[in-house]
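Visitor: give the three-dimensional model of this entry:
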Amino acid sequence: MSLFNVFSISGSGMSAQSVRLNTTASNIANADSVSSSVDDTYRARHPVFAAEMQKAAAGQKESVGVQVLGVVESNKPLNVEYAPDHPMADGEGYIYKPNVNVIEEMTNMISASRSYQTNVQLAESAKNMLNKTLTLGKS
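Guide: Numbering: from 1, shown residues only. Modelled structure (predicted):
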């Protein structure tokens with residue numbers, strides 16, 4: 001594998017972790033929202049990733065990286081609370097809150113941030129190796 005492929009691989013990793021950070025931030029931002037119906041309630045979102053192993057298995061010379069397949073909504077049950085005095089309560093006195101677990105989301109955010117940082121360091125190391133290779137013939 002060429003050192004130039006490392007930039008493509010780490011770049012796809014950084015892009016994937018950026019999507020993960022954005023969805024996690026969106027989940028945290030909406031964690032305390034309230035709705036008067038099940039259909040209007042925010043649901044936690046999570047990105048789905050896939051390694052681009054098909055390229056490697058097919059023998060293509062392209063780099064193997066991470067692909068974002070999409071973002072899916074969580075199917076965990078919503079948090080239903082009986083609050084008849086709340087202005088957003090439905091006819092039966094219930095309010096609906098998102099199925100976001102803030103502790104899980106903070107853990108996801110830390111993990112995504114560290115993964116992003118690791119990809120940045122990988123690209124930096126590859127850059128330094130390429131620079132050292134270029135200076136080998138300068139003596």
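
Visitor: Ala50 reaches Leu69, doesn't it?
Guide: Yes. Between Ala50 and Leu69 a contact is recorded at 5.3 Å, counting by C-beta atoms under 8 Å. In this view, the C-beta of every residue, glycine as well, is placed from N, C-alpha and C.

Visitor: which residues sit against stretch 20-31?
Guide: 42, 44-47, 71, 98, 100, 102, 105-106, 108-109, 112-113, 115-116 (C-beta atoms under 8 Å, 6 or more residues apart in numbering).

Visitor: ok, 10 Å please
Guide: 41-47, 49, 68, 71-72, 74, 79, 97-102, 104-113, 115-116 (C-beta atoms under 10 Å, 6 or more residues apart in numbering).

Visitor: burial of Leu134, as a residue count?
Guide: As a burial measure, Leu134 scores 9 neighbours (other C-beta atoms under 10 Å).

Visitor: OK, contacts around Lys127?
Guide: 3, 6-7.

Visitor: let's see 8 Å
Guide: With C-beta under 8 Å, 6+ apart, Lys127 has these contacts: Phe7.

Visitor: my guess is it is in a helix, correct?
Guide: Yes. Under DSSP: H, G, I helix; E, B strand; the rest coil, Lys127 falls within a helix.

Visitor: look at the residue most central in space within the chain and report its pLDDT.
Guide: Among the residues of the chain, the one closest to the centroid is Arg20, at 1.0 Å (C-alpha atoms, centre = their mean). On the pLDDT scale, Arg20 is placed at 97.
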